[in-house]
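*Asks:* Just to be clear, the model below is a prediction. Sequence and coordinates:
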Amino acid sequence: MAGLLNIGITGLNAAQSALVTTGHNISNAATEGYSRQSVVLGTQQPLFSGGSFFGQGTQVESVRRSYNAFLEGQVLTADSQRAQFATYSTQIAQLDNLLADPDTGLSPALQSFFDGVQEVSANPSSVPARQSMISAAQSLVATFQYLDGRMSEIRDGIEGQIGSTVAEINAYASEIADINQRIAVTESAGTGQQANDLRDQRDTLIRELNGYVKLSTVTESDGSVSVFVGSGQPLVIGTNASTLVTLPSKGDPSRSAIALQTPGGGTVTMPESLLEGGQLGGLLAFRRDSLDAAQKQLGLVAAGLSLSFNAQHSLGQDLDGALGGSFFGELSPSVLGVDGATSDVSVAYGDPSALTGDDYLLTITGAASYTLSRRSDGATVNAAEVGLDITLGAGAIAGESFVIQPTRYAAQDISVAITDTRQVAVADPVRATASGSNAGTAKLSAVMTTDVSGMDAVGAADGRPDFSDIVLTYDATVPGFSISGAATVGPLAFDPVSDAAGKDFTIDGPGGFSFSFRIAGTPQAGDTFTFSTNDGAVSDNRNGVALGALQLDKTLLGESANYQSVYSQLVASVGTRAREVQIGEAAQTSMLEQATAARDSVSGVNLDEEAANLVRYQQAYQASARVMSIAGTLFDEILAISR
């Protein structure tokens, strides 16, 4: 009877353990990260008696956590990607709204400025028109600076969020290392049984950490979990947690780089491309792929406008007869030394149409030699081909490197250099006149200066054109025009039979200046045309027309785009990327829901199932109690017989 009583006791204990576990499941049904637990039962060692084995009841072997590492891994992957897309989407929405705003965007400011240029072209002597043009230019500059300033504010916010995200990652890493130690201590004292609730807590911490940065985990033999980020950089090893820090980037001190702190106190900078997933991955990807590109593309428009407009304006002549200077303030590319480089490196703009908005790494290879590579793909480029003019000073140190950002700060630094309305150079400094005695029908048109070098070479350098007259005389025997007073010897071949519809010419004057023009019609022998300084030409608008034409001229990106189209490309690319990120977030959210549902089907608590288990284990408990009751009754009968 003692054996039957013991069997009943084991069943009673087993049923009680199952009831306790079921109650634990029910009470934690809403607990985030909780995994359903179940009692694993096994038979007691049987007793051999009378030639047979007789069972001795049951025993609780363990309380098992319903957990599937593969399904949990799918949840982590989907959640990390979702968090990256969500963070990226939130940030790029600000940029998209800023650039596409019809009131504060660049498009209306560009149009207003060139409307002012056209008004001056139509009324070159009008002071109010000139003032309107300058005011529109100042408004355009303010728009550039506003857009760049807002982007810089977004950048500052990103840098702050990167710092706080790194702090959160470090905090989670420390908690995981701490709970690793608690699990190791608890499980070592529990005959190898898993500390289910502690493991759930650790999994929850890992899941939350995974929302900040994509990670991978390895379960060690002692039950601890090692956590790695990037390409295998250890964040948590057993009970030890590493620390991530933010440092000023070597190539751009205003930009945060992320490094892993070594035990010796040093740091190892981690490439951004390795830190994917989660909020940190979203912040870095947005900064790298959208914000940087947008700010540099905006700067490309600013630099291209300033350089090309200044180049044309300098070919003109103002109301006082002086040659035009720079309408916009002079810009220069940003040059940043890497690792404290001190060599004298001078970088200026070359051909504005060759600018692309890319950054470059200049590496000095000798006293007067260097290599230039594009930072986006590492390709070696030629300075002139990318719109730059680079000069190494004396004592250049081989091995030193510099980051060149041609357009990064152009929108921030653009300014209007002219405040005096009389200095707007609308006229052309070269005037052509036909002799009153000309007998032919030949006419000159489209006289435009193409270079003013040396045009102020006679007498004092007062900034005014003072070249001697250049005279064309038609010689029918050549046939063509002889030239007097010009560096070009001539003659200019012109055959009225084939060229009467019009022929274009360029003359290079003494000192290097040049101008182009067109001759049409039928000249007679001895007909003359004279090119002279354009004194007192307050109503001349030829350079103003050329300035206005810049609005539609393709002066950027290899002469394939104008200012407005480059900005439109920027707006379109940001808008397209914003939409792509939104779609990516929706897709990853759906994948996360599916992965979570699959995991919860294994690990989640089903209250209906647990309610059924309560009834089942209650009945088992009652049955075991009944076994004990019967054993007691039988034992009493035996005692009664013996009496």
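*Replies:* Sure, I can see it. Numbering: from 1, shown residues only.
*Asks:* I'd like to know how far the closest residue in space to A257 that isn't next to it in sequence sits from D339.
*Replies:* Leaving aside its sequence neighbours, A257 sits nearest to S249 (Cβ to Cβ, 6 or more residues apart in numbering; 4.3 Å). In short, each C-beta sits where N, CA and C put it, glycine included. In this view, S249 and D339 are 11 Å apart by Cβ to Cβ, to the nearest Å.
*Asks:* Between these two, which is the more surrounded one?
*Replies:* Shown here are S249 and D339; by other Cβ atoms under 10 Å, S249 has more neighbours (17 against 9).
*Asks:* Pretty sure that one sits against R255.
*Replies:* Yes: using Cβ atoms under 8 Å, S249 is in contact with R255, at 4.3 Å.
*Asks:* tell me, what's touching these two both at once?
*Replies:* Here S249 and R255 have no joint contacts, going by Cβ atoms under 8 Å, 6 or more residues apart in numbering.
*Asks:* List the residues that contact D252.
*Replies:* D252 makes contacts with 336, 403, 405, as judged by Cβ under 8 Å, 6+ apart.
*Asks:* so is it in a helix, a strand, or just coil?
*Replies:* coil (DSSP: H, G, I helix; E, B strand; the rest coil).
*Asks:* Would you list the phi and psi of it?
*Replies:* When read as degrees, to the nearest 10, the backbone of D252 gives phi -160, psi 100.
*Asks:* Same check on V63?
*Replies:* Dihedral angles (degrees, to the nearest 10) for V63: phi -110, psi 110.
*Asks:* What residues does it make contact with?
*Replies:* By Cβ under 8 Å, 6+ apart, the neighbours of V63 are 17, 21, 37-40, 193, 196.
*Asks:* One more: F481?
*Replies:* 472-475, 490-492, 494, 519, 523, 529.
*Asks:* ok, now with 6 Å
*Replies:* By Cβ atoms under 6 Å, 6 or more residues apart in numbering, the contact set of F481 is 472, 474, 491-492.
*Asks:* Wait, a strand at it?
*Replies:* Yes: judged by three-state DSSP, F481 forms part of a strand.
*Asks:* Look up how far I9 lies from it.
*Replies:* In terms of Cβ to Cβ, F481 sits 126 Å off from I9.
*Asks:* Y349 too?
*Replies:* Distance, Y349 to I9, using Cβ to Cβ: 92 Å.
*Asks:* Those two: who's more crowded?
*Replies:* Legend: neighbour count by other Cβ under 10 Å for Y349 and I9, higher for Y349 (21 against 16).
*Asks:* The nearest residue to that one once chain neighbours are set aside sits in which helix or strand?
*Replies:* Spatial nearest neighbour of Y349, chain neighbours left out: L307 (5.7 Å); criterion: Cβ to Cβ, 6+ apart. Taking DSSP states H and E as the definition, L307 sits inside helix 292-313.
*Asks:* Check the burial of Q233 by counting its neighbours.
*Replies:* So Q233, with other Cβ under 10 Å, has 14 neighbours.
*Asks:* residues contacting the closest residue to it other than its chain neighbours?
*Replies:* Nearest non-adjacent residue to Q233, counting by Cβ to Cβ, 6+ apart: L260, 5.4 Å away. When contacts are counted by Cβ under 6 Å, 6+ apart, L260 is found next to 233, 242, 268.
*Asks:* Mind putting the residues you listed into CSV with pLDDT?
*Replies:* Below are the contacts of L260 laid out as CSV (pLDDT from 0 to 100):
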residue, pLDDT
Q233, 88
S242, 91
V268, 88
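*Asks:* These in strands, which ones?
*Replies:* Per DSSP state E, strands hold the following members of those: 233, 268.
*Asks:* which of the contacts of L260 lies closest to R422?
*Replies:* Nearest to R422 out of the contacts of L260 is V268 (Cβ to Cβ; 60.9 Å).
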